[in-house]
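K.L.:
Next come a sequence and a model predicted from it.
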Amino acid sequence: MSEFNELLNKWWLSVGEMHIAHHLAASKYANQHKYTGLIAAILTAITTTSIFITVSQSETQIAWLITGIISLFASMATGILSFMKFDDRIAQHFQSAINFQSLRREIEEELIVLSAQGPKQNYEHLRQRWTEILKNSCPLPQEVFDKARRQMKTEATPFSRE
């Protein structure tokens with residue numbers, strides 16, 4: 001019985017790492033989306049204001065140059081928002097986190113059954129579900145996964161009984 005307990009606890013830790021990592025990735029991309037959007041909005045407002053001030057006050061070359069540079073950065077920021085598809089990434093990581101969380105709960109239920117009734121013949125259904133979730137999840141940045149791994153190492157496995 002301890003072999004099954006050990007196996008399920010390892011799976012619980014691994015699935016937990018993925019669950020937390022996808023939540024962290026969704027949060028990371030949400031912050032990037034927010035700050036890039038904020039920069040784009042500010043630069044666009046500055047550009048618009050600069051154009052009106054420049055046209056109404058003077059025809060100096062330096063004012064037009066500064067306005068053009070700010071306009072260029074505003075365009076780059078909005079292009080980054082479009083190219084990086086932060087909204088899609090956030091949604092994909094959030095969905096992956098939900099899927100891994102669901103699998104994590106299934107493993108916890110199996111650990112309860114194991115401690116009460118003994119092991120099942122096999123846990124193929126969990127392995128298949130895990131494989132399916134992995135196929136459908138998006139890639140994680142390594143630093144996000146490492147952070148989740150460190151966080152999970154501080155948590156005890158749910159049922160460490162022998």
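P.N.:
Here it is on my side, so go on.

K.L.:
Figure out how far the longest helix seen in the chain is from the centre of its chain.
P.N.:
For the chain, the helix with the greatest residue count under DSSP state H is helix 2-57. Distance of helix 2-57 from the chain centroid (CA atoms, centre = their mean, to the nearest Å) equals 7 Å.

K.L.:
can you give me the angle the helix or strand that it is followed by makes with helix 2-57?
P.N.:
Following helix 2-57 in sequence order, the next helix or strand is helix 61-84 (DSSP states H and E). For helix 61-84 against helix 2-57, the angle by axes from the mean of the first three to the mean of the last three CA atoms, to 10 degrees is 150 degrees.

K.L.:
Counting neighbours, show which residues of helix 61-84 come out buried.
P.N.:
63, 67, 70-71, 73-74, 77-78, 80-81 (16 or more other CB atoms under 10 Å). In this view, the C-beta of every residue, glycine as well, is placed from N, C-alpha and C.

K.L.:
Now those residues in TSV, please, with extra columns for pLDDT.
P.N.:
Below are the buried residues of helix 61-84 laid out as TSV (pLDDT from 0 to 100):
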residue	pLDDT
63	72
67	76
70	82
71	81
73	85
74	84
77	85
78	85
80	88
81	82
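
K.L.:
can those go into CSV with extra columns for distance to residue 5?
P.N.:
Listed next are those as CSV, based on distance: CB to CB, whole Å:
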residue, distance to residue 5
63, 73
67, 68
70, 62
71, 63
73, 57
74, 58
77, 52
78, 53
80, 48
81, 48
